[in-house]
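Chemist: Fold the stuff below for me.
(chains A, B, C and D, ligands or ions: 4)
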Amino acid sequence: MREISYSEAIREAMCEEMRRDASVFLMGEDVGVFGGVWGVSHDMLQEFGEERVLDTPISEIAIVGAGLGAALVGMRPIVEIMFGDFLMCAGDQIVNQVAKARFMSGGKASVPLTIRVTSGAPGSAAAQHSQSPESWFMNIPGLKIVVPATPADAKGLLKTALRGEDPVIFLEHKMLYGEVGPVPEDPDFMVPFGEANILRSGKDLTIIAVGIMVKKALEAAAQLEKESIDAEVVDVRTLVPLDKPTLIASVARTGRVIVAHEAHVRSGPGAEIAAMLAEEAIEYLDGPIVRVGAKNVPLPYSPVLEQFVLPGVADIVRAARSFWPAHT
Amino acid sequence: MREISYSEAIREAMCEEMRRDASVFLMGEDVGVFGGVWGVSHDMLQEFGEERVLDTPISEIAIVGAGLGAALVGMRPIVEIMFGDFLMCAGDQIVNQVAKARFMSGGKASVPLTIRVTSGAPGSAAAQHSQSPESWFMNIPGLKIVVPATPADAKGLLKTALRGEDPVIFLEHKMLYGEVGPVPEDPDFMVPFGEANILRSGKDLTIIAVGIMVKKALEAAAQLEKESIDAEVVDVRTLVPLDKPTLIASVARTGRVIVAHEAHVRSGPGAEIAAMLAEEAIEYLDGPIVRVGAKNVPLPYSPVLEQFVLPGVADIVRAARSFWPAHT
Amino acid sequence: MANYKKFFVLDVYRRIYLVREFELRAIEERRRGLIPGFIHSCVGEEATAVGACLALHQDDVITSTHRGHGHLLAKGGDPKYMMAELAARSSGYCKGRGGSLHIADFDLGILGANGIVGGGIPAAVGAALAFSLRKEKRVALSFFGDGATNQGSFHEAANMAGLWKLPVIFFCENNLYGEGTPQSKQAPLCDLAKRAESFCFPGVIVDGNDPLAVYEATREAVERARAGEGPTFIEGKTYRFRGHYEGDPQVYRIPGELEEWQARDPIPTFRQRLIEQWSIAEDEIKQVEDSVQQQLNEAVAYASSAPIPQEEEALEGVYADIHGGKVF
Amino acid sequence: MANYKKFFVLDVYRRIYLVREFELRAIEERRRGLIPGFIHSCVGEEATAVGACLALHQDDVITSTHRGHGHLLAKGGDPKYMMAELAARSSGYCKGRGGSLHIADFDLGILGANGIVGGGIPAAVGAALAFSLRKEKRVALSFFGDGATNQGSFHEAANMAGLWKLPVIFFCENNLYGEGTPQSKQAPLCDLAKRAESFCFPGVIVDGNDPLAVYEATREAVERARAGEGPTFIEGKTYRFRGHYEGDPQVYRIPGELEEWQARDPIPTFRQRLIEQWSIAEDEIKQVEDSVQQQLNEAVAYASSAPIPQEEEALEGVYADIHGGKVF
Ligand SMILES: Cc1ncc(C[n+]2csc(CCOP(=O)(O)OP(=O)(O)O)c2C)c(N)n1
Ligand SMILES: Cc1ncc(C[n+]2csc(CCOP(=O)(O)OP(=O)(O)O)c2C)c(N)n1
Ligand SMILES: [Mg+2]
Ligand SMILES: [Mg+2]
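Modeler: Ligands and ions are numbered 1, 2, ... in the order given. Coordinates of the predicted model:
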């Protein structure tokens, strides 16, 4: 299969859907002339014109709210929020308007709105440009939350979002944009929501990973293999809906589990995953559910401090070894 | 001890601190002439005047942001956000400004800002006026999150907030305002953060409860007693900081745990509590960690639907019985 | 103005009378227990709702507020389904899930009432954006109060609309209060229409108690919008006769103010004009009034006997697609 | 204007020259690897920063932006500690935790740069509120860009300030771009000072490339503020010579625009005026320039040899009070 980057995969999904469906359009800060500050929408303005690739004012409330309004009258907007950190500028629109429109209207409102947003620490971007808002809206019924970890998933999950009828928060990790991998060319290639992906089978330990930590979990698994620890790596792919059956089945096989994400540990996405397992899979557990995530401090500017705060391969390896005290 | 309501206890804490410390003032929508839409600040305008009890425009961003700015130059503002649901209007100020100011400035900024906010469902107030934002900001380092369940704690915890140096989100459950209980008159009575309160000792089961669910947990425990189930009820009192040692010790004694809160189950405060226990106390557990909370749907207007969605005494009782299949 | 045909002005009267009587009936039915939730009545403000919506087509859209009954009725909402919604019934507009604050009907172009002050304004802009992108000659009109002009959402949405010359009308019902705080204590200017200048579209002030004046101002704005000339801000000066919500003690009112405005009550004033200006017989007016009363009797009867939702209905309508139940 | 003393104008020159050279040096040091993070330089916009801060006292406060180096230097920031912060060192202003986007020094009245567009404006209003409540004659000045005037935070904060006549100055540096989008595509008007009319305080337009014109406008605003006459909005028309951030491909620039503005470069322009208008000898100017170069050499030397933070420092300064470690 031809290989393209995560960034190109996202662009391809947008372009294909915009060609296919006139109701899809893209709007956000600097998505047009600039091509997106991360370059994801480069040259889309040229292909689709100013009416379908809209540079907006720096107005997150209006961007999300206008996306909602356009969706309510039949469009399928993609709105880009440049950094996940800025989602909170539009907090009310996301939580009280977008998420609840369908339910409050008795199921009549359809909000096929995709909010594309970058997440994660790109390196020394400090506390307001490095956050992983993975769990910020998980408590809010009505939203779906998608965390692609590979180019293929980025494309396939985005297509599912764009063809669906529900609002989706689509989290693109900045440090994954450059990742290259095989991506199907089939224009109808879609990855369904709510299906976790077992990327590596293993019998000793399950590593449930979110977003960029999938890559690190695979690296950790490769290291652990040398220590004769056979780790299974599961990519959740979507946090809402969460594929409980796959996660539970994996834990049932291995009896040990690490949940890894770049978000802060406290009330990160791992909290929900761990709590779900502690409720529904406790009988399979042979040890604690260990969470690996950013320490509970804002992201620091200094590379030394930042690396200390962020979770890495070594943290997963260390956590895995802790299940077998002889190893540590 | 004399008994006063939760609402009066909050008012008393504010008044005492305002008398004691000229840098404390109250600002929010309708807190002055109206006395707060929940009546909490009634007649405070009369005592303290327009310069210390400020009616603001309907501008949550400005209210929280002005609180931050005033705090940065030495004031100790109390800002009231009328409904927890509206916190998201000021999401950026809370998450990116207030929470991070100290850290980002290398520890130099002090933000002694208390954000008082109502939470919970008052009955048929529907999806935008009933939410329990208990966990919305738990992922954000830099904030403290306080959930008083009794009049005494309301007063004592608020005083700790007002005399502290850190930003606090102080969640007042609307249906607790009328609760009456003993409250110390000592003007220096304070309840420290990070100390859970064991309200009822029991040996069979620990019910960790948040906010209004403390009351319901006690009711459930009384019912369970009749079925010879001896439940311990622990009030977390503060979600950040969380008193892990007390929670773990309780679970170590009982081996069974229910976490109860009014927030939605998914990624509610119980997710973090359960995950923490699954990580640090799993060896003590004789069964699953059961979460009792609102179902994962927006709060409905209809009383029938709302009661179905909200967690109640019966849900706790049912969850408790599930540990002893013979009971169910 | 005398140019209006008799049947037209009689119909205008029917509409404002319907709004008034609907509100009074709803208040009455709330007192009697049929209606469980809050009511923010628009008694005294019927002329803005009716005058504005008269200038719209059915396929034009509105967004409304917490004080929305008049807007909804004026845009074609059926009192039966509205009353049933207020009574939290399955056959109400939102199947009992939304209540007064969240009534919506997409077939009628009612994109929703709103519980968040200023929360619906961006969606109206988004709808207008969709109309503009699709080259449809439809317009969006957003109702909001004086208090809402102090929200960031208003500013961001108005800027976007002015920038892109979208077919949207910002209709501000300036009733001199935001909850218990006078408008003069919420903003430093009393003619809010001036705020349109920040966004380079016209701001028009109109007697909000005169339905024909409102109609004419809105008609002009609609014409401009349909002609691609962009938004208009209309400020209707009016007054709320009852509490912010039913039960509001109204301690904040300036003595004499209510009486002054009641002397300009839109209902009897317009009724008198029917007789004097259009020589309509008392009898004919009575007939209209009777038919409205009849309609409301039916609405109340309908609501009273409409089915109460079943518990499980609470789980419907959160998502279009629940992925095999995984999203709950 | 010719009235200014020679030592004063020479000092003004020293300041703008310092800002320019600091930026160039920082850019150079970033290229050489001393500085790890992004730099949003203010090259071309030195006169607004310097002119505005000249009108302030040390105990007046400012809030700044992502393009804040000039503001901070102008308010008295020490290039040594600034450079050390950019180099992520322990002796930087924020101990390496904040970086360029978050430099603050409360002793100098620098309440903080900001990574959120418009994010610092409400805090300036809050500081002004505190000054006003305490009857201090201090003022707050908030710097922000043209793009920030489209944020809800600006609107809410400006309304509150206008309403309460607070001693705050809204200083808009209109550099014709917000990131890659021209100002004219972000708002429907180019004279943003007009927006002050919405809040009933004066809006003043000034040549942002002339430090004395900026100084005079700000001095007047400061006088008004200290006299209790409320806020002023000052719009300094200026232009950014370099990319939005270092590395920005700048595809969005209108051909010829940069050259036009470079012809009005504030540094050589003002230098020439020193010679022509104040008859200052080339030699004297050179001396000033040399001393600035010397200062910057020292700053870079200081930063280069300053200690790199230790990992554990990341855990400091999140809270004032960590409750026995429980908050992590
Ligand atoms: C964001 C937000 N803040 C506060 C409230 C509480 N609240 C509901 S209505 C209201 C007053 C609104 O005033 P205005 O916009 O003038 O409308 P009116 O009630 O006068 O029709 C307030 C403060 C809210 N619903 N949403
Ligand atoms: C709320 C928010 N949205 C978007 C951004 C990304 N961003 C950083 S600077 C910038 C442009 C700001 O333009 P302006 O206010 O004119 O300031 P300038 O960069 O021109 O000095 C943008 C969009 C941000 N930091 N914060
Ligand atoms: Mg009003
Ligand atoms: Mg700019």
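Chemist: wouldn't residue A:23 be in contact with residue A:74 here?
Modeler: Yes: counting by C-beta atoms under 8 Å, residue A:23 touches residue A:74, with 6.2 Å between them. C-beta coordinates here come from the backbone N, C-alpha and C atoms, glycine included.
Chemist: Looking at the two, which one has more neighbours?
Modeler: residue A:23 (19 against 13; other C-beta atoms under 10 Å in any protein chain shown).
Chemist: Could you pull up phi and psi at that one?
Modeler: phi -90, psi -10 (degrees, to the nearest 10).
Chemist: Need phi/psi at residue A:205.
Modeler: phi -170, psi 140.
Chemist: Can you name the residues bridging to it?
Modeler: The bridge-partner assignment for residue A:205, based on DSSP bridges, gives residue A:231.
Chemist: Would you map the helices across the stretch 101-250 of chain A?
Modeler: A:101-104, A:151-163, A:213-226, A:244-254 (DSSP state H, counting those that start in this stretch).
Chemist: now swap in chain C and tell me
Modeler: Counting by DSSP state H, one finds helices in chain C at the ranges C:6-31, C:46-54, C:69-74, C:79-86, C:121-133, C:152-164, C:211-226, C:257-262, C:266-277, C:282-305.
Chemist: between those helices, which one is nearest to residue D:186?
Modeler: Minimum separation from residue D:186 across the helices of chain C (C-beta to C-beta) falls at helix C:152-164, 7.0 Å.
Chemist: so that closest one versus helix C:211-226, what angle?
Modeler: 50 degrees (axes from the mean of the first three to the mean of the last three C-alpha atoms, to 10 degrees).
Chemist: show me the contacts for residue C:122.
Modeler: A:61-62, A:64-66, A:68-69, A:93, A:97, C:153, C:156-157, C:160 (C-beta atoms under 8 Å, 6 or more residues apart in numbering or on different chains).
Chemist: ok, and the closest non-adjacent residue to residue C:172?
Modeler: residue C:235 (4.7 Å; C-beta to C-beta, 6 or more residues apart in numbering or on different chains).
Chemist: was I right about the one you found contacting residue C:187?
Modeler: No: Residue C:235 is beyond contact range of residue C:187, at 12.0 Å (criterion: C-beta under 8 Å).
Chemist: And the residue of the stretch 101-250 of chain A that's closest to chain C?
Modeler: residue A:107 (2.9 Å; C-beta to the nearest C-beta).
Chemist: State the number of residues packed around residue 151.
Modeler: Unless you meant another one, I'm taking chain A. With other C-beta under 10 Å as criterion, residue A:151 counts 24.
Chemist: oops, chain C please
Modeler: For residue C:151, using other C-beta under 10 Å, the count is 29.
Chemist: tell me the contacts of the residue lying closest to it once chain neighbours are set aside?
Modeler: Using C-beta to C-beta, 6+ apart and skipping the chain neighbours, the partner closest in space to residue C:151 is residue C:118 (3.2 Å). Contacts of residue C:118 were listed using C-beta under 8 Å, 6+ apart, and they are B:58, C:144, C:148-149, C:151-154.
Chemist: Over to residue C:171?
Modeler: C:48, C:52, C:141-144, C:218, C:234, C:236.
Chemist: In the chain, where is pLDDT below threshold?
Modeler: Picked chain A for this. Applying pLDDT under 70 to chain A flags residues A:327-328.
Chemist: sorry, should have said chain C
Modeler: C:1-2.
Chemist: Okay, strands next: where are they in the stretch 201-328 of chain A?
Modeler: A:205-209, A:231-235, A:238-240, A:257-264, A:289-294 (DSSP state E, counting those that start in this stretch).
Chemist: Present those strands as TSV; the columns should include mean neighbour count.
Modeler: Formatted as TSV, these follow (neighbours: other C-beta atoms under 10 Å in any protein chain shown):
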stretch	mean neighbour count
strand A:205-209	30
strand A:231-235	26
strand A:238-240	28
strand A:257-264	29
strand A:289-294	27
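Chemist: Using TSV, please lay out those together with distance to residue A:302.
Modeler: Shown next, in TSV, are the strands of the stretch 201-328 of chain A (distance: least, C-beta to C-beta, whole Å):
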stretch	distance to residue A:302
strand A:205-209	26
strand A:231-235	31
strand A:238-240	30
strand A:257-264	18
strand A:289-294	15
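Chemist: closest to residue A:164 out of the ones you listed?
Modeler: Nearest to residue A:164, of those and by C-beta to C-beta, is strand A:238-240 at 11.4 Å.
Chemist: neighbouring contacts of the closest one?
Modeler: A:134-135, A:138, A:143-147, A:157, A:193-195, A:210, A:269, A:272, B:266, C:327.
Chemist: who does that strand pair up with?
Modeler: strand A:144-146 (antiparallel).
Chemist: for the partner strand, the distance to its chain's centre please.
Modeler: 7 Å (C-alpha atoms, centre = their mean, to the nearest Å).
Chemist: which residues are contacting that strand?
Modeler: So strand A:144-146 is contacted by A:134, A:137-138, A:157-158, A:161, A:164, A:166-171, A:193, A:237-241, C:319, C:327 (C-beta under 8 Å, 6+ apart).
Chemist: Same list, the residues you listed, but only the ones touching ligand 2.
Modeler: Here nothing survives when the contacts of strand A:144-146 are matched to ligand 2 using C-beta under 6 Å from any ligand atom.
Chemist: Enumerate the residues of chain C near ligand 1.
Modeler: C:66-67, C:115-117, C:144-148, C:173, C:175, C:177-179, C:244.
Chemist: try 8 Å this time
Modeler: C:40, C:42, C:45, C:65-67, C:115-119, C:144-149, C:151, C:173-179, C:181, C:183, C:186, C:240, C:244 (C-beta under 8 Å from any ligand atom).
Chemist: same question, chain A
Modeler: So chain A meets ligand 1 at residue A:92 (C-beta under 8 Å from any ligand atom).
Chemist: how close does the residue nearest the centre of chain A sit to ligand 2?
Modeler: Centroid-nearest residue in chain A, with C-alpha atoms, centre = their mean: residue A:147, separated by 1.6 Å. Distance, residue A:147 to ligand 2, using C-beta to the nearest ligand atom, to the nearest Å: 22 Å.
Chemist: my read: that residue touches residue A:209, true?
Modeler: No: using C-beta under 8 Å, residue A:147 is not in contact with residue A:209, being 9.6 Å away.
Chemist: which neighbours do these two share?
Modeler: residue A:236.
Chemist: For the stretch 51-200 of chain C, give the residue positioned nearest to ligand 3.
Modeler: Minimum separation of the stretch 51-200 of chain C from ligand 3 (C-beta to the ion) falls at residue C:145, amounting to 3.6 Å.
Chemist: If that residue is in a bridge, with which residues?
Modeler: residue C:173.
Chemist: Would you mind confirming that it is in contact with residue C:170?
Modeler: No: contact between residue C:145 and residue C:170 fails when scored by C-beta under 8 Å: they sit 11.8 Å apart.
Chemist: between those two, which one's more packed in?
Modeler: Using other C-beta under 10 Å as the criterion, residue C:145 and residue C:170 rank with residue C:170 on top: 32 against 25.
Chemist: which residue packs closest to the more buried one, ignoring adjacent ones?
Modeler: residue C:233 (4.4 Å).
Chemist: Residue C:267 now?
Modeler: residue C:20 (5.2 Å).
Chemist: Just give the number of residues close to that neighbour.
Modeler: The burial count for residue C:20: 23, using other C-beta under 10 Å.
Chemist: That one: what's it in contact with?
Modeler: Taking C-beta under 8 Å, 6+ apart as the test, what residue C:20 contacts is C:43, C:46, C:267.
Chemist: let's go with 10 Å and repeat that
Modeler: Taking C-beta atoms under 10 Å, 6 or more residues apart in numbering or on different chains, we find residue C:20 in contact with C:41-46, C:50, C:70, C:241, C:265-267, C:292.
Chemist: now residue C:194
Modeler: C:203, C:205, C:233, C:235, D:197-198, D:200.
Chemist: can you put these in a markdown table and add distance to ligand 2?
Modeler: Formatted as a markdown table, the contacts of residue C:194 follow (distance: C-beta to the nearest ligand atom, whole Å):
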| residue | distance to ligand 2 |
| --- | --- |
| C:203 | 26 |
| C:205 | 32 |
| C:233 | 25 |
| C:235 | 29 |
| D:197 | 20 |
| D:198 | 18 |
| D:200 | 24 |
